[in-house]
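[1] Fold the following.
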Amino acid sequence: MTSERGNQTPHMDAEKAQVLFEHGAMFLLLNFPEGSEFGIDNYSWTVGPNFRGIKMIPPGIHFIFYSSVNSDHQAGPRSGFFYNFASKEIVVKKWSVQMEEIQMDEVSEAEMEKFHDNKQEMDKYLGPYPYERYKQWVSLSNHITDTTLRVLQPDCGFIYSVAQFESEGSTSQSRQASAVEKSKEASTESSSSSPQKPELPHLKQVIGTNIKYSVVPKQRYPPGSSPSEITKYSMDSSYVLSLLLTERYNKDIDSILGEVQFAFLCFLLGQNYESFEQWKKLVHLLCTSEEAIMKNPKVYQDFISLLHFQVREIPSDFFVDIVTSNNFLTVTLHELFQNLEGDGVDSKLQKKGHSFRKHLTEKFNWDFTSEPDDFAPVVVDT
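    As a prediction, the model looks like this:
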């Protein structure tokens, strides 16, 4: 393997390496094209001719991603998926040259038995998990659970950086109706001097490829609310948050932190822009839920920690081009810090908020002391 981001995995003492080899999981990927990108969690490589996969994977949830090269050495768009590895588990997948993606079909029991028996022989073809980055990965994924994956992952199993479209199917009736319509259009156009426009194919997103993100409710206040309640919940998103949690997560507010992390990683590692939009919506929703902040101090302490690690991981060019565009993050976090100053907010939570605000101010020179410009609105539709 050739390292593509960061340094090569540093030398690990033999005893620790043996323990990880015995108890860690393996991901075998057969027939993957040489020169392609392969990554796990927050590390990626350009693979060589002998690459067969990754060994010593710590048990738990990980994100595997790849970008293959074709016969002309052109890199394709990135794809990936989450997987919850068990201790000592061996996962075997094969690369499909025709489809240019990983086949998700299960390998036969006979093949699996062969791989288990030849585990030591496979060692030289496997790259070691980048263990020196494991703590970073945990800080970015510790709220993602099996439930998170079951609720959010696309039915096809893959996170695509580019939306998957296909031509709409047609029937004899639809073709007949289309022919009649074209005949009318041709008759009309023949009497005019305007050139005929080329017909474009009708495309639709491939079923099962969309990430099943939560939909932020449009209703901002309870039915039958008084004018004062309407005013309150127009500024406080707590009712919207409560609706979302009831509809999606059985009122478990901890679960939404898993979706925040899932969306962030799908954007950062999976290069899926839809996920960035979802991350913004959820961050804004949590930051502007004043009532929820007072009722759930432990969850919001975890939320601040989550944001701290996410901000640290975002590449600097992303900050300039995306995250700070329209002042999204500074305006949204300003609202969070304002809500943390309210009466009845847990003192430990306030202290953590102050520490986070200080860190952001020192590192990025963001100003949270003055009110945001009235002409810099939050660009999040809720």
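[2] what residue ranges in the stretch 1-150 of the chain are flagged as low confidence?
    1-13, 71 (pLDDT under 70).
[3] does the residue nearest the centre of the chain sit in a helix, a strand or a coil?
    For the chain, the residue nearest the mean C-alpha position is Cys266 (2.0 Å; Cα atoms, centre = their mean). At Cys266 the chain is in helix, as set by DSSP: H, G, I helix; E, B strand; the rest coil.
[4] Can you pull the phi and psi angles for the nearest residue in space to it that is not next to it in sequence?
    Counting by Cβ to Cβ, 6 or more residues apart in numbering, Ser275 is the residue found nearest to Cys266 once chain neighbours are left out, at 3.7 Å. To be clear about C-beta, it is placed using only N, CA and C from the backbone, and glycine gets the same treatment. Main-chain torsions, Ser275, degrees, to the nearest 10: phi -70, psi -30.
[5] show me the contacts for Ser275.
    Contacts for Ser275 (Cβ atoms under 8 Å, 6 or more residues apart in numbering) come out as 159, 211, 213, 262-264, 266-267.
[6] looking at it, the residue nearest to the centre of the chain is touching Ser161, isn't it?
    No - judged on Cβ atoms under 8 Å, Cys266 makes no contact with Ser161 at a distance of 9.1 Å.
[7] between the two, what contacts are shared?
    Counting by Cβ under 8 Å, 6+ apart, the residues touching both Cys266 and Ser161 are Asn272.
[8] how near is Leu20 to Met112?
    For Leu20, the distance to Met112 (Cβ to Cβ, to the nearest Å) stands at 21 Å.
[9] To clarify, my last question referred to Gly39.
    Using Cβ to Cβ, Gly39 is found at 24 Å from Met112.
[10] Comparing those two, which shows the higher neighbour count?
    Taking neighbours as other Cβ atoms under 10 Å, Gly39 and Met112 compare with Gly39 leading, 20 against 14.
[11] Mind listing what's buried along the host helix or strand of that one?
    In this assignment (DSSP states H and E), Gly39 forms part of strand 37-40. By 16 or more other Cβ atoms under 10 Å, the buried positions in strand 37-40 come out as 37-40.
[12] hmm, who's touching it?
    Contacts for strand 37-40 (Cβ under 8 Å, 6+ apart): 1, 4, 27, 29, 32, 44-47, 51, 54, 57, 62-68, 75, 78, 80, 129-130, 269.
[13] so Tyr221 sits in a helix?
    No - per three-state DSSP, Tyr221 lies outside any helix segment and is coil.
[14] What sits closest to it if chain neighbours are left out?
    Tyr221 sits nearest to Tyr233 (Cβ to Cβ, 6+ apart), 3.8 Å away.
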